[in-house]
Structures are given as C-alpha cells and as structure tokens.
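**Q** Next comes the sequence, and after it the predicted model I'd like to discuss.
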Amino acid sequence: MVRLKDIAQLAGVSVMTVSKALRDEPDVSVATKTRIKALAAQTGYVPDSSAQGLRTKTTKLFGLVIPTPTNPVYARIVFAIEERAHELGYDLIIAHTLNKPEREDLVLRRLLSRRVDGLFITPVYRFEAEARIYQEIAVRKTPTVLLGPPAPFCKQFPGLEIEELVASYNVTKHLIALGHKKIAYLTGPPATPWAHERFEGYRRALREANIEVDDRLVFAAGSSIEDGTKATLQMLNEDVRPTAIQAVSDLVAIGCAETLLAQGLRIPEDISIVGFGNILTSEYYRVPLTTVRQPKYRLGIAAVDVMMGLIRGETVQPKRLSAELIERKSTAAVKI
C-alpha cells in the first residue's frame with residue numbers, strides 16, 4: 001500500500017507538504033501540488049478514509065435501512081439517495097430489516113458502530129409506543145431521517161412521506177366517477193400508518209358520495225403478491241362480487257388480478273382493479289394497472305436534503321409529497 005511517506009520520498013518534500021498538496025491547501029505552490037498529485041496518481045495512492053475520519057470526526061458514510069431489496073417501491077428511492085449522497089461526497093451502507101424488529105435492532109447497532117454520519121430508516125412498524133433502539137439513536141444524537149410516516153416509537157425523528165390519504169381518496173373517487181358503488185378494499189399491514197391513511201382515504205370518498213362503508217367488502221391483505229392472492233381467494237370463497245377492487249399497493253393488486261384472471265374474469269370488462277405505488281411492473285402488467293404514482297425519486301432527494309439540514313444543526317420539519325393518479329386499462333365504467 002502506497003503511503004504519504006512514499007510519495008514524499010519520491011517528490012523530495014516533507015510528508016506534511018504532500019498532505020497539504022493533496023488537500024489543496026493554499027500554502028503549497030501550484031507547481032508542487034501538480035507534481036505531487038501526478039505522483040499520487042502514478043503510484044496508485046488512495047487516501048485512508050479512517051485517518052481522515054479521525055481528523056475531521058466524520059466518516060462520510062450514511063446508513064440506509066429498508067425492509068427488503070426485492071420490494072420495487074424502494075428501487076428509485078435508494079437510487080435517488082445514493083445519487084444525491086454521491087454528489088455530496090458520501091457513501092452508503094445499505095442494510096435490510098426483512099420487516100423484523102430484532103433484525104432492525106441488529107442492523108442499526110452495526111451501522112452505529114461504524115460511526116455513520118446519518119441514518120435513513122424505513123421503520124419496522126409495530127404497535128408498541130416505544131422501541132429501545134430508536135431511543136438509543138436519539139441519545140447518541142445521530143442525524144436520522146425516516147423514509148415513511150412517523151409512528152409513536154419513532155416520532156422524535158423527521159419523516160418524508162406521501163399524501164397517502166389524499167391519493168387514496170382520489171383513487172376511490174375515480175372508481176365512483178366510473179359508476180362503481182360496490183368497491184372492495186384490500187388492506188395493508190395493520191401496524192403501518194400509511195396503510196391506515198390509504199384505507200381512510202377510501203372510506204372518506206365513499207362517505208362523501210353517500211355510499212355505505214360495507215365491512216363485508218374489506219379484506220385483510222398485506223404488502224405482497226401472495227397477500228393479494230390470499231385476500232382475493234377469501235373474497236371469492238365468501239361469494240363477494242364487487243364491481244371494482246382497490247388494493248393498498250401494486251403488488252397486492254397484481255396478486256388480486258392474477259387470481260381473478262385465473263378464475264376467468266376479465267379486467268376491466270367484468271371488474272376494475274386499482275393499485276398504489278406505480279412500480280414498473282404495473283405499467284407493463286398484462287392489463288396495465290391504474291395506480292398512484294408515488295414521487296419516489298423526489299422523496300429520496302428530499303430525504304438527503306433534510307439530512308444535510310440536520311447535519312448543519314438546523315431545525316427541520318417533516319415533509320409530505322403529493323402523489324398522482326395514473327389511469328390505465330385496468331379500470332372502466334361499470335356495466336349497467
């Protein structure tokens with residue numbers, strides 16, 4: 001490994017001069033800087049980030065914690081955070097919780113042991129009002145930004161979230177405008193605030209249209225294609241026949257659609273389906289899915305901007321970003 005001492009010997013200068021030249025300090029001549037930087041490039045010198053961290057008391061590392069890399073919702077968010085962090089000279093360490101609280105505790109403690117300069121966390125939502133690891137992060141004063149709505153156990157940290165209720169309300173209004181009155185709803189994970197907001201948007205639109213909120217049309221799903229399949233099979237087994245189905249997410253909607261198509265039903269001729277999220281698959285699914293476009297890239301960029309505000313010691317506020325209804329071929333006017 002090439003050291004500063006090696007470059008200093010080749011250049012015939014002191015180690016301090018080499019260090020200053022590589023940091024572009026003003027008290028080293030341009031000619032000397034140019035010569036030293038050329039020698040550093042020729043010898044393959046790479047700065048020791050650990051040593052730099054000790055000097056600056058920073059690591060230039062961010063920790064990014066998401067549930068799983070297989071969920072396509074996070075692809076654009078992670079890409080945006082990495083791009084913006086890269087521009088600012090930071091690297092990312094990415095960890096996955098698999099939606100397990102005990103794994104979340106472990107990965108967060110590992111990131112804290114790496115002395116990351118900040119944490120981006122999609123929380124593992126739970127019903128408990130407190131979570132010890134989040135208390136520890138607060139005590140350590142590690143800048144932390146939530147990628148999602150806050151819950152009681154993590155309310156001390158600023159969050160980036162989508163206008164879930166408004167977006168879901170607009171989805172239901174879209175179905176009502178097409179003449180649908182018997183609209184089933186496939187719910188999300190019960191502990192997640194965003195799932196509650198999306199469900200409330202559905203109920204609010206129905207009430208506003210003087211349509212009864214019928215519990216027999218509400219089925220517990222989750223967040224995966226398999227969850228959508230199970231909820232739809234339950235609906236069919238209970239002989240519930242809505243004219244439209246609103247799913248809490250695109251993956252749940254796709255699981256639902258696959259099940260209905262396998263039963264010989266046509267989308268949207270026999271039944272309309274709407275998702276939420278606008279993952280890439282929704283646009284290219286065999287029946288392109290009407291859904292909500294979440295501003296995933298903008299959310300990632302905004303998350304880094306909030307993080308930099310925290311690092312600068314500024315008072316930052318949670319941010320809510322609007323989402324847009326995207327109409328595709330999975331919805332149509334109800335048959336009379």
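**A** In hand now; what should we look at? Residues are numbered from 1 along each chain as shown.

**Q** Strands along the stretch 51-200 of the chain, start to end?
**A** 61-66, 91-96, 118-121, 144-147, 159-162, 183-187 (DSSP state E, counting those that start in this stretch).

**Q** Redo those as a markdown table? Include mean pLDDT, distance to Ala38 and mean neighbour count.
**A** In short, each C-beta sits where N, CA and C put it, glycine included. Listed next are the strands of the stretch 51-200 of the chain as a markdown table, based on pLDDT from 0 to 100; distance: least, Cβ to Cβ, whole Å; neighbours: other Cβ atoms under 10 Å:
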| stretch | mean pLDDT | distance to Ala38 | mean neighbour count |
| --- | --- | --- | --- |
| strand 61-66 | 97 | 29 | 23 |
| strand 91-96 | 96 | 26 | 16 |
| strand 118-121 | 97 | 35 | 24 |
| strand 144-147 | 96 | 40 | 24 |
| strand 159-162 | 92 | 44 | 23 |
| strand 183-187 | 98 | 63 | 25 |
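
**Q** Could you dump those strands into TSV and include distance to Met1?
**A** Shown next, in TSV, are the strands of the stretch 51-200 of the chain (distance: least, Cβ to Cβ, whole Å):
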stretch	distance to Met1
strand 61-66	21
strand 91-96	20
strand 118-121	29
strand 144-147	35
strand 159-162	40
strand 183-187	56
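
**Q** could you point out where the stretch 51-200 of the chain is predicted with low confidence?
**A** 51-57 (pLDDT under 70).

**Q** hey, where'd the helices end up in it?
**A** Counting by DSSP state H, counting those that start in this stretch, one finds helices in the stretch 51-200 of the chain at the ranges 73-87, 101-113, 132-140, 164-177, 193-208.

**Q** got the angle for the second one vs strand 61-66?
**A** When you say that, I think you mean helix 101-113. Following axes from the mean of the first three to the mean of the last three Cα atoms, to 10 degrees, one obtains 170 degrees for the angle between helix 101-113 and strand 61-66.

**Q** Helix 101-113 vs strand 91-96, what angle?
**A** Going by the same axes, to 10 degrees, helix 101-113 makes 160 degrees with strand 91-96.

**Q** Of the helices of the stretch 51-200 of the chain, give the one that comes closest to Val287.
**A** Evaluated with Cβ to Cβ, those place helix 164-177 nearest to Val287, the distance being 15.6 Å.

**Q** which residues touch the residue nearest to Arg84 when sequence neighbours are not counted?
**A** Nearest residue to Arg84 in three dimensions, chain neighbours excluded: Val304, at 4.0 Å (Cβ to Cβ, 6 or more residues apart in numbering). Val304 makes contacts with Ala80, Ile81, Arg84, Ala85, Leu88, as judged by Cβ atoms under 8 Å, 6 or more residues apart in numbering.

**Q** among those, who's most crowded?
**A** Ile81 (28 neighbours; other Cβ atoms under 10 Å).

**Q** Now for the closest residue to that one other than its chain neighbours: which residues touch it?
**A** In space, and not counting its chain neighbours, Ile81 is closest to Gly300: 4.4 Å by Cβ to Cβ, 6+ apart. Going by Cβ under 8 Å, 6+ apart, Gly300 touches Arg76, Ile77, Val78, Phe79, Ala80, Ile81, Glu83, Arg84.

**Q** Thanks again, I'm all set now.
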